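Novice: kindly generate the corresponding structure for this input.
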Amino acid sequence: RPHKEGLVSGAGHGPGRPWTVTVLNDNHTTFQGVAAALSSVVPGVSYDDGLRLANVIHTSGQAMVWSGIREQAELYWEQLSEHGLTMAPLEQG
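Specialist: Model (predicted):
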């Protein structure tokens with residue numbers, strides 16, 4: 001069955017696995033900066049969610065902050081980079 005552009009498909013269905021956006025730990029972005037960037041770019045992420053993700057990034061070195069279709073993943077990756085976050089390369093999860 002054909003894949004409709006812009007339709008989010010679940011893992012194992014459609015054209016392939018979802019693309020993941022991962023933020024890496026760095027020594028120049030504050031917890032507040034991470035939280036502000038994530039809450040302004042990623043839909044459904046509040047400032048408090050961003051602080052929790054910042055803590056995960058700080059303690060484990062990275063956190064996956066979004067996954068889905070490639071076009072959206074590329075957009076969020078670029079916007080988070082522009083906010084100064086250190087990003088892992090986009091990957092298909």
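Novice: all strands of this structure, in order?
Specialist: 19-24, 62-68, 86-87, 91-92 (DSSP state E).
Novice: check which residues of the second one are buried.
Specialist: If you call a residue buried by 16 or more other CB atoms under 10 Å, then strand 62-68 has these buried ones: Ala63, Val65, Trp66, Ser67. C-beta here means a position set from N, CA and C on the backbone, and glycine is covered the same way.
Novice: could I get the strands of the chain as CSV with distance to Trp77 and mean pLDDT?
Specialist: Formatted as CSV, those follow (distance: least, CB to CB, whole Å; pLDDT from 0 to 100):
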stretch, distance to Trp77, mean pLDDT
strand 19-24, 5, 98
strand 62-68, 9, 97
strand 86-87, 6, 98
strand 91-92, 10, 93
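Novice: mind putting these into a markdown table with distance to Ser39?
Specialist: Listed next are the strands of the chain as a markdown table, based on distance: least, CB to CB, whole Å:
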| stretch | distance to Ser39 |
| --- | --- |
| strand 19-24 | 13 |
| strand 62-68 | 11 |
| strand 86-87 | 17 |
| strand 91-92 | 23 |
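Novice: so which of the ones you listed is nearest Gly50?
Specialist: Closest to Gly50 of the strands of the chain is strand 62-68 (CB to CB; 8.8 Å).
Novice: ok, for Asn55, nearest residue in space, not its chain neighbours?
Specialist: Phe31 (7.0 Å; CB to CB, 6 or more residues apart in numbering).
Novice: burial of that neighbour, as a residue count?
Specialist: 15 (other CB atoms under 10 Å).
Novice: contacting residues for it?
Specialist: Leu51, Ala54, Asn55, His58 (CB atoms under 8 Å, 6 or more residues apart in numbering).
Novice: what separation is there between the closest residue to the first one other than its chain neighbours and Asn27?
Specialist: So that's Leu51. The spatially closest residue to Leu51, leaving aside those adjacent along the chain, is Ala35, at 4.5 Å (CB to CB, 6+ apart). Separation of Ala35 from Asn27 (CB to CB, to the nearest Å): 17 Å.
Novice: the more surrounded of those two?
Specialist: Ala35 (21 against 5).
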